[in-house]
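Engineer: okay, here's the prediction I keep looking at, along with the sequence it came from:
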Amino acid sequence: MKIGNVEIDSQLVLAPMAGVTDLGFRTICRELGAGYTVTEMVSAKALCYQDKKSIPLLKLGEGEHPAAAQIFGSDPVCMEEAAAIAGEVSGADIIDINMGCPVPKVANSGDGSGLMRTPDLAVRVAEAVVKGAGSRPVTVKMRLGWDKGSINCVELAKAMEEAGVAAVAVHGRTRSQQYAGTANWDYIREVKDALHIPVMANGDVFAGKDAVRILRWTGADAVMIGRGCFGNPWLFQQAQAALEGRGIPPLPPLAERCATAMRQFEINAAHKGEKIACLEARKQYCWYLKGVPHAGYWKEQICHVETMEDLRRITAGIQRDLK
């Protein structure tokens, strides 16, 4: 897949997810097969006002290329400036525009998937970001539409291509669906058929074989994996095996999975500081233990961690007591 002038030698993409795809998790996913990663979304206004909390979200890992920095907003002037700042601060190869976030405080203010309700403004935003990004290609992540009565992904994607966008990613749900129901891959196929630029298919990829299915069904150039990899970065390894027609490797033993989780938290502690890394680990570590028998006691312990030493102690206990 080639996005503008950026060659991506993989069909596996890690979706941008707020509170999830931080530097630590992106590092682990890349090691396990994600060929293209995107930062958490960052507010364009926050960048324009030089908010110190937003800049670190854009930091890429060592050798994290190709990668994109994702920004959100609906003011074309601000988005143009933010695209330039995001590119300079992150060193990312690509700038991505969020037109898919369904969270009410984002969408109801006209940002994220709210832009799908105002396609003319969305085009102006895209044109502004293309201008601000300079030589960097610009991509857009979108949904099918606001609700089932206003599905406009094909029309919007065509408008994005005309505005100079170099690729689009489509999540097969509307904004009103949030993450409920089943992703509709038919509309993603319609988008692919209508465009000349690359299309990334997103939605309901929870197993290696799902990556093969979504690419065959939609004809998309790549699969963007989101919630399926929560606590399971090995999904990229399994998806790659499925795409190559190899046997699907099993999950590593629990002790190894916990060691991987700890490395993620250690990377984040070095990047964000121990306090923030531990607060976020309370949620992230529990994802790694999903479906593990008799893990209730340790999940309860995880919900109260305050230091890296707490996490190390808990990890040692899990590795000792659970299989």
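Structural biologist: Done, it's in. Numbers count the residues shown, from 1 in each chain.
Engineer: neighbours of Tyr179, how many?
Structural biologist: The number of residues packed near Tyr179 is 12, by other C-beta atoms under 10 Å. For the C-beta atoms, the positions are set from N, CA and C on the backbone; glycine is no exception.
Engineer: surely it touches Arg173?
Structural biologist: Yes - between Tyr179 and Arg173 there is a contact at 7.0 Å, judged by C-beta atoms under 8 Å.
Engineer: return every residue with contacts to both of those two.
Structural biologist: Both Tyr179 and Arg173 lack any common contact, where contact means C-beta atoms under 8 Å, 6 or more residues apart in numbering.
Engineer: which residues touch the helix ranked longest in the chain?
Structural biologist: Ordering each helix of the chain by length in residues (DSSP state H) puts helix 254-272 first. For helix 254-272, the surrounding residues in contact (C-beta under 8 Å, 6+ apart) are 22-25, 27-28, 56, 59, 61, 231, 233-234, 251-252, 276-278, 280-281, 284-285, 288, 292, 308, 311-312, 315, 318-319, 322-323.
Engineer: for it, list the C-alpha coordinates in CSV.
Structural biologist: Output in CSV follows, covering the C-alpha atoms of helix 254-272 (Å, rounded to 0.1, in the frame of the first residue of the first chain):
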residue,chain,number,x,y,z
LEU,A,254,0.1,-16.3,30.6
ALA,A,255,3.4,-15.6,32.2
GLU,A,256,4.8,-14.3,28.9
ARG,A,257,1.7,-12.2,28.2
CYS,A,258,2.1,-10.6,31.6
ALA,A,259,5.8,-9.9,31.0
THR,A,260,4.8,-8.2,27.7
ALA,A,261,2.2,-6.1,29.6
MET,A,262,4.8,-5.1,32.1
ARG,A,263,7.2,-3.9,29.3
GLN,A,264,4.3,-1.8,27.9
PHE,A,265,3.9,-0.2,31.3
GLU,A,266,7.6,0.4,31.7
ILE,A,267,7.8,2.1,28.4
ASN,A,268,4.9,4.3,29.4
ALA,A,269,6.4,5.1,32.8
ALA,A,270,9.6,6.3,31.1
HIS,A,271,7.6,8.4,28.7
LYS,A,272,4.7,9.7,30.9
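Engineer: all helices for this structure, in order.
Structural biologist: Using DSSP H, the helices of the chain run over residues 23-31, 44-48, 76-90, 104-107, 119-133, 153-162, 185-194, 208-218, 234-243, 254-272, 274-288, 296-302, 308-321.
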